[in-house]
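> just to be clear, the model below is a prediction. Sequence and coordinates:
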Amino acid sequence: MSLDEIKISRAILKQFTNKLSDYLELDVAVVGAGPSGLMAALRLAQKGYKVAMFERKLSVGGGMWGGGMMFNEIVVQEEGAEILKDLGIRIHDAGDGYYTADSIECTTTLASLACKSGVKVFNLMTVEDVLVRENRVTGLVVNWTAVDMGGLHVDPLAVRSKFVIEATGHATEVLKVIQRKSGVDLLTETGKVLGERSMWAETAENTTLENTREAVPGVFVTGMAANATFGSFRMGPIFGGMLLSGQRVAELIHERLEG
Ligand code: 48F
């Protein structure tokens, strides 16, 4: 077979355009492909929902690749270890209820399972705004990350979704744009993002689950974004809370979509 560069180019363009066009209307749009977002997307896709993830960077995985301070192992507690085992990720018993796992195995397995379950990942895209109708978020406004990085004056495109998951981590970028532009109050004490506090692993892990909830009509928060939204602590390289939070947000949205 002879290879033709134009056929290669056309194959990519056609398939990508079809994929993006198919995923402009969604059940759930996940912003940020870190561990909590990936876990949420995986569980929702396993339930049969149409899910897309928008990730600013070239790679998915967020802060999971680097373990703690670039030592590429993560720590989980008992419940997190159960999830990793269920996903087929190998764990090491570090004693006293702590388990470690290779962060590269965790990230690649989680990402692979999400893709194979039907999640479509759009990497290199930044969510810069949302669609709001009658005080409810109904979708996302996305642009190429390169446009953002280049400071180029290029208009974005829009995606409609029944629910949005804010999984942008410490930055809570989706909620911050909603706060700045929509006039809709967040479901926090002040109506604004309360902000993340300094490291306290135990409390942070415990509060992650209770902070995993709807933060503005149509938008659920998960992972570190949940703690940052509701003013809780950071936890460092212990990841059980991220995985549990991803599962929890998937359950909450499933209940709403079913009801
Ligand atoms: O930060 P990140 O890994 O969030 P997470 O799932 O996990 C937090 C842990 O990694 C760690 C921790 C552990 O316990 O504290 O920090 O809560 O992933 C967030 C992802 O969102 C992307 C960002 O590139 C990263 O991959 N992201 C952030 N803002 C945007 C975005 C945006 N506006 N549009 C698209 N992607």
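Yep, that arrived.
> average model confidence for stretch 75-93?
Stretch 75-93 carries an average pLDDT of 98.
> report the secondary structure state of the residue sitting nearest the centre point of the chain.
Centrality entry for the chain: nearest residue to the mean C-alpha point is Gly37, 2.5 Å, by Cα atoms, centre = their mean. Secondary structure assignment for Gly37 (DSSP: H, G, I helix; E, B strand; the rest coil): helix.
> wait, doesn't it sit right on Val221?
No: if you go by Cβ atoms under 8 Å, Gly37 and Val221 don't touch, sitting 10.8 Å apart. (Glycine included, C-beta is placed from N, CA and C.)
> joint contacts of these two?
In terms of Cβ atoms under 8 Å, 6 or more residues apart in numbering, Gly37 and Val221 are both contacted by the residues Ile165, Ala167.
> just the helices from the stretch 1-150 of the chain, written as ranges.
5-22, 35-46, 78-86, 103-116, 145-150 (DSSP state H, counting those that start in this stretch).
> by contact count, what packs against the third one?
The elements that helix 78-86 packs onto, with contact taken as 3 or more Cβ pairs under 8 Å, 6 or more residues apart in numbering; DSSP states H and E, are strand 98-102, helix 240-258.
> how about the helices of the stretch 1-150 of the chain in JSON lines, adding distance to the ligand?
Below are the helices of the stretch 1-150 of the chain laid out as JSON lines (distance: least, Cβ to the nearest ligand atom, whole Å):
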{"stretch": "helix 5-22", "distance to the ligand": "15"}
{"stretch": "helix 35-46", "distance to the ligand": "3"}
{"stretch": "helix 78-86", "distance to the ligand": "10"}
{"stretch": "helix 103-116", "distance to the ligand": "10"}
{"stretch": "helix 145-150", "distance to the ligand": "8"}
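> related to what we said a few turns ago, tell me the predicted confidence for the nearest residue to the residue nearest to the centre of the chain once chain neighbours are set aside.
Take Gly37 and drop its neighbours on the chain: the residue closest to it by Cβ to Cβ, 6 or more residues apart in numbering is Ala167, 3.2 Å away. pLDDT for Ala167: 98.
> repeat that for Met1.
Here the pLDDT value assigned to Met1 is 88.
> ok, it to the ligand distance?
38 Å (Cβ to the nearest ligand atom, to the nearest Å).
> which residues touch Glu79?
Gly240, Leu244.
> hmm, Lys19 is touching Lys120, no?
Yes: contact criterion Cβ under 8 Å: Lys19 and Lys120 qualify, at 6.3 Å.
> quick check: Leu24 vs Leu244, distance?
Separation of Leu24 from Leu244 (Cβ to Cβ, to the nearest Å): 31 Å.
> with Gly62 instead?
Counting by Cβ to Cβ, the gap from Gly62 to Leu244 is 16 Å.
> before we move on, what about Asp22?
Separation of Asp22 from Leu244 (Cβ to Cβ): 31 Å.
> ok, those two, which is more surrounded?
Leu244 (24 against 12; other Cβ atoms under 10 Å).
> give me the pLDDT value at that one.
For Leu244, the model assigns a pLDDT of 98.
> having no further points to raise, I will conclude here.
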